[in-house]
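In: What follows is a predicted protein model with its sequence.
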Amino acid sequence: MEIEFKATDADLTILEHIEDEPDTTQAGLAEKLGVAVGTVNWHLKRLVEKGYVKVKRAERKKLRYIITPEGLALRARLTVDYIQSSLELYRLVRTRSLKAIADVKAMGYTTVSVEGEGDVAEILKLTSMEQGLNISPDREYPLLKVIGLKIFIEEKE
């Protein structure tokens, strides 16, 4: 029984890096991915076994990685999948932001505080401003608190 090949984000990063730098090393790939060399080796073996990457000996101890046409097609498919999942995530966060903003406006507020880091908090801030809410660092306003992908409203102190 053959195990189905399930491409990952790491595979996409490896394919992109090989395309940009065919003379890259496994150590260089490991550093780029922030993983152990053994992990990169495992991914490369899978990509080679499936025919997405070929390995040629460039020098005595140096290897050159070449993406096959099948590998280019996989990279394109993975890129599209990544963009689609990113857009789905953006839509989810945007919907949650709009709901929280509508709730705050229904309470009669035009200013909020936002607590949180990262992309979700940035989307919330931009959506708040777009919807006419002012953002203040003061806790005298309701707090829109970002935890993971969720947005909570805490009444003013």
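Out: Happy to help now that I have it. As the structure is a computational prediction, the values presented were derived from the model and not from experiment.
In: For this protein, which segments are assigned as helices?
Out: 9-20, 26-33, 37-49, 69-106, 118-130 (DSSP state H).
In: To Leu143, which of those helices lies closest?
Out: helix 69-106 (9.7 Å; C-beta to C-beta). (Glycine included, C-beta is placed from N, CA and C.)
In: So which elements touch the closest one?
Out: helix 9-20, helix 118-130, strand 143-147, strand 150-154 (3 or more C-beta pairs under 8 Å, 6 or more residues apart in numbering; DSSP states H and E).
In: can you list the domains in this protein?
Out: With domains defined by automatic domain parsing, the chain comprises 9-67, 89-154.
In: Next one: the residue lying farthest from the centre of the chain relative to Ala30, how far apart?
Out: If you look at how far each residue of the chain sits from its centre, by C-alpha atoms, centre = their mean, the farthest one is Arg60, at 37.5 Å. When C-beta to C-beta, to the nearest Å is the yardstick, Arg60 and Ala30 sit 22 Å from each other.
In: need the contact list for the residue lying closest to Lys32 once chain neighbours are set aside.
Out: Distances taken as C-beta to C-beta, 6 or more residues apart in numbering put His17 closest to Lys32, at 5.7 Å, once the chain neighbours are dropped. Shown in contact with His17 (C-beta atoms under 8 Å, 6 or more residues apart in numbering): 24, 28-29, 32.
In: any idea which of these has the most stuff around it?
Out: Leu29 (23 neighbours; other C-beta atoms under 10 Å).
In: so what's that one up against?
Out: 14, 17-18, 40, 44.
In: picking that back up, right, so of the helices and strands packed on helix 69-106, which gets closest to Leu78?
Out: helix 9-20 (4.1 Å).
In: by how many degrees do that closest one and helix 69-106 diverge?
Out: 120 degrees (axes from the mean of the first three to the mean of the last three C-alpha atoms, to 10 degrees).
In: Tell me how far the most centrally placed residue in the chain lies from Ile123.
Out: In the chain, the centroid-proximal residue (C-alpha atoms, centre = their mean) is Ser86; its distance is 6.8 Å. In this view, Ser86 and Ile123 are 12 Å apart by C-beta to C-beta.
In: low pLDDT regions in the protein?
Out: Within the chain, the stretches with pLDDT under 70 are 1-6, 157.
In: residues near Val55, how many?
Out: 13.
In: ok, how many other residues are close to the closest residue to it other than its chain neighbours?
Out: What sits nearest to Val55 in space, not counting adjacent residues and going by C-beta to C-beta, 6+ apart, is Leu63, at 5.4 Å. Neighbourhood size, Leu63 [other C-beta under 10 Å]: 15.
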